[in-house]
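K.L.:
coordinates only, no sequence provided:
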């Protein structure tokens, strides 16, 4: 048979079925859902650790900045300025403006001069000439690792050093 101008020539033999929908098998779907469920199960744990780390770093940054600002305040005003930590109320900052809070995931330990120690915390006094009563504030994670913010009694400088278990 010859072909006509209306279309291709008819060829007897196997007929092609229309192409079937190429989708996912049931096994592929089950594996995909299992992977998604596993990821969703691990997400809260990872998010919790991320939040804890963020709170710890933020606390260290704010405490270091607050200590430095208190030292600068003493130099600018010509009067002693006091950085305080209240462990009972879980706040810290320059005395009179203790507006920074300590998150529950962070532990704080103080080593201060005897005259600056209180039942619920303590303070470090910065003098206008550059000195200080000295001491240190340890900011710790739940794991026990952390950082020590040390104030030099002679120069009043604030330094940071790691603490490991």
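P.N.:
Yes, it's here. Note that the structure is predicted; figures quoted are calculated from it, not measured. Numbering: from 1, shown residues only.

K.L.:
for this protein, what spans make up the helices?
P.N.:
With DSSP state H as the criterion, the chain has helices at 26-77.

K.L.:
tell me which residue lies nearest the centroid of this structure.
P.N.:
With distances taken as CA atoms, centre = their mean, the residue of the chain nearest its centroid is residue 54 (0.9 Å).

K.L.:
ok, that residue to residue 63 distance?
P.N.:
As defined by CB to CB, to the nearest Å, residue 54 lies at a distance of 15 Å from residue 63. Yep, even glycine has a C-beta here, placed from its N, CA and C like the rest.

K.L.:
same question for residue 128.
P.N.:
Distance, residue 128 to residue 63, using CB to CB: 22 Å.

K.L.:
who has more neighbours, those two?
P.N.:
Between residue 128 and residue 63, counted using other CB atoms under 10 Å, the more crowded position is residue 63 (24 against 16).

K.L.:
pull the contacting residues for that one.
P.N.:
92, 100, 137, 139, 149 (CB atoms under 8 Å, 6 or more residues apart in numbering).

K.L.:
with residue 55 instead?
P.N.:
103, 105-106 are the contacts of residue 55 under CB under 8 Å, 6+ apart.

K.L.:
what's the PyMOL line that selects buried ones from these?
P.N.:
In PyMOL, this line selects whichever of these come out buried by 16 or more other CB atoms under 10 Å:
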select buried, resi 105+106
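
K.L.:
now the contacts of residue 55 as TSV including distance to residue 67 and pLDDT?
P.N.:
TSV is the format used below for the contacts of residue 55 (distance: CB to CB, whole Å; pLDDT from 0 to 100):
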residue	distance to residue 67	pLDDT
103	18	95
105	21	93
106	16	95
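
K.L.:
and the contacts of residue 55, which is closest to residue 162?
P.N.:
residue 106 (15.4 Å; CB to CB).

K.L.:
does that closest one touch residue 145 like I think?
P.N.:
No: if you go by CB atoms under 8 Å, residue 106 and residue 145 don't touch, sitting 11.7 Å apart.

K.L.:
flag the shaky bits of this protein, pLDDT-wise.
P.N.:
1-21 (pLDDT under 70).

K.L.:
distance of the residue nearest to residue 78 when sequence neighbours are not counted relative to residue 116?
P.N.:
In this structure, residue 78 finds its nearest non-sequential neighbour in residue 128, 4.8 Å apart by CB to CB, 6 or more residues apart in numbering. Applying CB to CB, the value for residue 128 to residue 116 is 17 Å.
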